[in-house]
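Student: model the structure of this input:
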Amino acid sequence: MRGMQAFATPVTLALDTATPFLTLALTWEGGELQLSEEVGRAHAERLADAVQSLFDRAGLSFRADRLVIGTGPGSYTGVRVGASYALGLGRAWNTPVRGVSTLEALVRGPDGRVPQGAVAVSLDARRGNVYGAVYEVRGGSVTRVIHPPQKRPLEAFEALTPGLPHHRDTVPDGLALLRAGLDHGESAWTLAYL
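Tutor: Numbers count the residues shown, from 1 in each chain. Reported below is the predicted structural model:
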């Protein structure tokens, strides 16, 4: 396309549709963009146009060298929408898809600050339960999983995390998801549902 730039540095796209938010991030040499927009259950209707818009805003042709997908936990339909779209792009672009728990996109606090040290993150899993994990965070990235993602009663999860910052049902951060995907490399991944 005319006016689009090509870069030797890898272009990376991250996307997550596991929560009520459509979360996207795009990085390339010299730039990064992200979007987190509350769409309820309209991920399927909004995803393709939002991704294309992100590439347009960046001035890039519609192709990424690396893809990262948030693997949930989330609603069955929401998780599947993002995974299907990412796998389709990966096949069309001959690009591997890296999967990362959506919970890793919650490590930034609601104020946008990146904590240092242990942080608890959780999503509402209904009926008094949460899907939660505890991570060690250094330099803005998860460096260690202290308690892996698991569904538990809220009280049981809070008993695991006394005194820790707890980011509960916060807006996912696309750049945190993208960085987590790059840090994890091309390991095996599975989808998780609430």
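
Student: now for whichever helix in the chain runs longest, which elements pack on it?
Tutor: Taking DSSP state H as the criterion, the chain has its longest helix at helix 76-93. Helix 76-93 is packed against strand 12-16, helix 43-58, strand 66-70, strand 97-100, with contacts defined by 3 or more C-beta pairs under 8 Å, 6 or more residues apart in numbering; DSSP states H and E. The way it works is simple: take the backbone N, C-alpha and C, and place the C-beta from them, glycine included.

Student: wait, which of the ones you listed is closest to residue 81?
Tutor: Of all the helices and strands packed on helix 76-93, helix 43-58 sits nearest to residue 81, with 4.6 Å by C-beta to C-beta.

Student: which stretches of this structure have low pLDDT?
Tutor: Scanning the chain for pLDDT under 70 picks out 1-8, 109-112, 114.

Student: how close does the spatially most central residue of the chain sit to residue 133?
Tutor: Central residue of the chain (C-alpha atoms, centre = their mean): residue 177, 3.7 Å from the mean position. Taken as C-beta to C-beta, to the nearest Å, the spacing of residue 177 relative to residue 133 amounts to 14 Å.

Student: overlap in contacts of the two?
Tutor: residue 104 (C-beta atoms under 8 Å, 6 or more residues apart in numbering).

Student: hmm, back to that, could the helices and strands packed on helix 76-93 be laid out in JSON lines, adding distance to residue 81 and mean neighbour count?
Tutor: Shown next, in JSON lines, are the helices and strands packed on helix 76-93 (distance: least, C-beta to C-beta, whole Å; neighbours: other C-beta atoms under 10 Å):
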{"stretch": "strand 12-16", "distance to residue 81": "10", "mean neighbour count": "28"}
{"stretch": "helix 43-58", "distance to residue 81": "5", "mean neighbour count": "16"}
{"stretch": "strand 66-70", "distance to residue 81": "11", "mean neighbour count": "26"}
{"stretch": "strand 97-100", "distance to residue 81": "14", "mean neighbour count": "23"}
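
Student: can I get the ones you listed in JSON lines with distance to residue 155?
Tutor: Below are the helices and strands packed on helix 76-93 laid out as JSON lines (distance: least, C-beta to C-beta, whole Å):
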{"stretch": "strand 12-16", "distance to residue 155": "27"}
{"stretch": "helix 43-58", "distance to residue 155": "31"}
{"stretch": "strand 66-70", "distance to residue 155": "27"}
{"stretch": "strand 97-100", "distance to residue 155": "27"}
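
Student: out of those, which is closest to residue 189?
Tutor: strand 97-100 (2.8 Å).

Student: direction included, what does the closest one pair against?
Tutor: Looking at strand 97-100 with DSSP bridges, its partner strands are strand 66-70 (parallel).

Student: neighbouring strands for the longest strand anywhere in the chain, and are they parallel or not?
Tutor: The strand that spans the most residues within the chain, counting by DSSP state E, is strand 141-153. Under the criterion DSSP bridges, strand 141-153 sits next to strand 129-138 (antiparallel) in its sheet.
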